[in-house]
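Peer 1: sharing a model prediction with you, sequence too.
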Amino acid sequence: MNFNPRVLKIGSEEDARAELAKIGCDPLGINIMSGKAVFQTVKLENVPAKAANLLKQTFLAKGGEAAVARGTADLTIAATDVLVAATLKQYRLALAQLKMQPWGLPQLAEAIEAALKAAERLPERHYSWKDGRTLAIRPRHSVIMGILNITPDSFSDGGKFNTLDKALRHAEQLVKDGADIIDLGAESTRPYGAAKISAAEEEERLLPVLARLLSAVPVPVSVDTYKASVADEALRLGAHIINDVWGLQGDPAMAEVAARHGVPVVVMHNQNGTVYERDIMAEIAAFLRKSIAIGENAGIPLEHILIDPGIGFGKTAADNLTVLSRLDELAALGCPLLLGTSRKRFIGEALGGLPPEDRGEGTAATVALGIAKGARILRVHDVKAMARVARMTDAITQEVMTNG
Ligand code: HH2
């Protein structure tokens with residue numbers, strides 16, 4: 001007898017329903033069973049020991065598990081990280097019960113619920129601006145952000161576009177090649193030895209190009225700056241998106257500026273140095289959650305916030321590979337994910353020391369894997385090639401979802 005066993009990876013209830021339907025399950029049976037066919041592991045940090053014990057009991061009673069640190073049961077430690085491991089059905093039953101318990105368990109239940117919900121389906125966004133431009137971020141339709149650096153010292157295009165006409169011609173080409181957004185940067189943010197410039201200098205370089213760019217291209221233009229005054233001037237001129245490589249945590253006035261202009265903002269993880277006290281993904285997620293909170297407190301709606309792990313910023317080459325391999329963990333934050341790997345140094349290092357101009361294939365691998373792991377916007381230099389890589393990856397992920 002050959003039963004032809006295969007191990008299926010089912011990541012969402014929608015996929016589970018499709019698989020159950022394929023084997024001819026009764027529709028009522030599908031309702032009962034779909035939640036049992038999806039298994040998820042949720043990691044929580046710093047849960048008070050008393051609450052963790054109740055959490056464990058509750059999940060065990062529903063047939064799931066909640067692993068805690070030694071010393072939790074006898075309360076010899078104050079708090080523990082927790083790994084909850086259960087099917088969606090078990091989560092539903094356990095969370096309903098936890099919502100009726102003391103010690104902050106209802107809030108914990110809501111946090112778990114929100115993370116599971118966000119991980120189940122990537123968020124959709126539809127942006128529109130007063131000038132009629134629009135941008136749609138929807139699952140399996142990757143958005144290409146073409147890079148236009150007008151810095152004299154950018155590491156990868158080395159100041160090739162620092163005259164106005166050249167910059168405009170390049171931007172037009174990027175749009176022809178398939179860019180959905182142009183990301184305009186006037187100060188190199190490169191971590192190794194980029195020249196820092198004043199806000200006045202940045203504006204002087206940025207604003208004349210921006211003014212012309214806005215009428216030269218039909219797509220939304222994002223401005224790569226972490227200075228609130230530069231962002232304010234750029235938005236007054238009509239820029240559409242702010243791309244802040246310090247995630248609203250560099251300049252304290254940035255969140256208010258983005259809120260006042262009502263534009264989407266990219267919040268990127270960044271730090272000085274490459275030392276991480278704990279798991280790097282935990283730190284990136286915590287930083288981005290803080291950025292989101294700063295934004296929301298200033299009046300930026302959650303729908304206007306896009307997140308970015310900041311590949312190459314405050315990270316070693318090995319860290320960048322780790323972040324890329326675990327990118328899907330950031331889905332729990334519920335915001336569209338932007339990924340900027342293009343021609344970066346870690347790609348050159350992984351490929352035995354290749355210069356920026358030879359990092360195209362390596363970049364393609366990061367774009368494809370990034371999309372497979374949930375990235376929705378890809379910030380790239382080689383728009384034509386990477387748009388093809390993205391379209392191809394979109395087509396495959398679409399296929400998995402519909403025909404698995
Ligand atoms: N990377 C760079 C600059 N801005 N913004 C976001 N959101 N994400 C990124 O990964 C990111 C970014 C650095 O790349 P590049 O623009 O090519 O180089 P430079 O900083 O020298 O201009």
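Peer 2: It's in.

Peer 1: from here on, contacts and neighbour counts on C-alpha atoms
Peer 2: Noted.

Peer 1: contacts (any at all) between the ligand and stretch 229-243?
Peer 2: Yes. Counting by CA under 6 Å from any ligand atom, contacts between stretch 229-243 and the ligand involve residue 243.

Peer 1: residues of that stretch that come out buried?
Peer 2: Of the residues in stretch 229-243, 229, 230, 231, 232, 234, 235, 238, 239, 240, 241, 242, 243 count as buried by neighbour count, 16 or more other CA atoms under 10 Å.

Peer 1: tell me the contacts of residue 60?
Peer 2: residue 66 (CA atoms under 8 Å, 6 or more residues apart in numbering).

Peer 1: quick check: the gap between it and residue 145.
Peer 2: 46 Å (CA to CA, to the nearest Å).

Peer 1: where does residue 183 land in three-state SS?
Peer 2: strand (DSSP: H, G, I helix; E, B strand; the rest coil).

Peer 1: what ranges in the stretch 151-300 of the chain fall below the confidence cut-off?
Peer 2: The model of the stretch 151-300 of the chain has pLDDT under 70 over residues 153-162, 190-193.

Peer 1: quick revisit: between the buried residues of stretch 229-243, which is nearest the ligand?
Peer 2: Nearest to the ligand among the buried residues of stretch 229-243: residue 243, at 5.5 Å, using CA to the nearest ligand atom.

Peer 1: my read is that the closest one contacts residue 266, right?
Peer 2: Yes. In this structure residue 243 lies within contact range of residue 266 using CA atoms under 8 Å: 4.6 Å.

Peer 1: show me which residues of the stretch 301-404 of the chain sit near the ligand.
Peer 2: Listed as neighbours of the ligand in the stretch 301-404 of the chain under the rule CA under 6 Å from any ligand atom: 308, 310, 311, 339, 340, 341.

Peer 1: show only the entries of those found in strands.
Peer 2: Taking DSSP state E, the ones among these that sit in strands are 308, 339.

Peer 1: would a markdown table of the residues of the stretch 301-404 of the chain next to the ligand with distance to residue 54 be doable?
Peer 2: Shown next, in a markdown table, are these (distance: CA to CA, whole Å):
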| residue | distance to residue 54 |
| --- | --- |
| 308 | 35 |
| 310 | 37 |
| 311 | 38 |
| 339 | 38 |
| 340 | 41 |
| 341 | 42 |
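
Peer 1: for PyMOL, what selects the buried ones among the residues of the stretch 301-404 of the chain next to the ligand?
Peer 2: In PyMOL, a selection of the buried entries from these looks like this (16+ other CA under 10 Å):
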select buried, resi 308+310+311+339+340+341
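
Peer 1: for the closest residue to the ligand within the stretch 301-404 of the chain, which non-adjacent residue is spatially closest?
Peer 2: Here the residue of the stretch 301-404 of the chain nearest the ligand is residue 340; by CA to the nearest ligand atom that distance is 3.4 Å. Nearest residue to residue 340, sequence neighbours excluded (CA to CA, 6 or more residues apart in numbering): residue 379, at 4.8 Å.

Peer 1: for whichever helix or strand the one you found is part of, C-alpha coordinates in PDB please.
Peer 2: When elements are assigned from DSSP states H and E, residue 379 belongs to strand 375-380. Output of strand 375-380 as PDB, limited to C-alpha atoms (Å, rounded to 0.1, in the frame of the first residue of the first chain):
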ATOM      1  CA  ALA A 375       7.700  42.000   3.000                       C
ATOM      2  CA  ARG A 376       5.200  44.200   1.000                       C
ATOM      3  CA  ILE A 377       7.400  47.100  -0.100                       C
ATOM      4  CA  LEU A 378      10.900  46.500  -1.500                       C
ATOM      5  CA  ARG A 379      13.300  49.400  -1.600                       C
ATOM      6  CA  VAL A 380      15.700  48.700  -4.500                       C
END
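
Peer 1: hang on, the residue nearest to residue 340 packs against residue 343?
Peer 2: No. With contact defined as CA under 8 Å, residue 379 and residue 343 do not form a contacting pair (10.6 Å).

Peer 1: so how far is residue 288 from the most centrally placed residue in the chain?
Peer 2: Taking CA atoms, centre = their mean, the centroid of the chain lies closest to residue 337, which sits 2.4 Å from it. Distance from residue 337 to residue 288, counting by CA to CA: 11 Å.

Peer 1: so for those two, which residues contact both of them?
Peer 2: residue 307.
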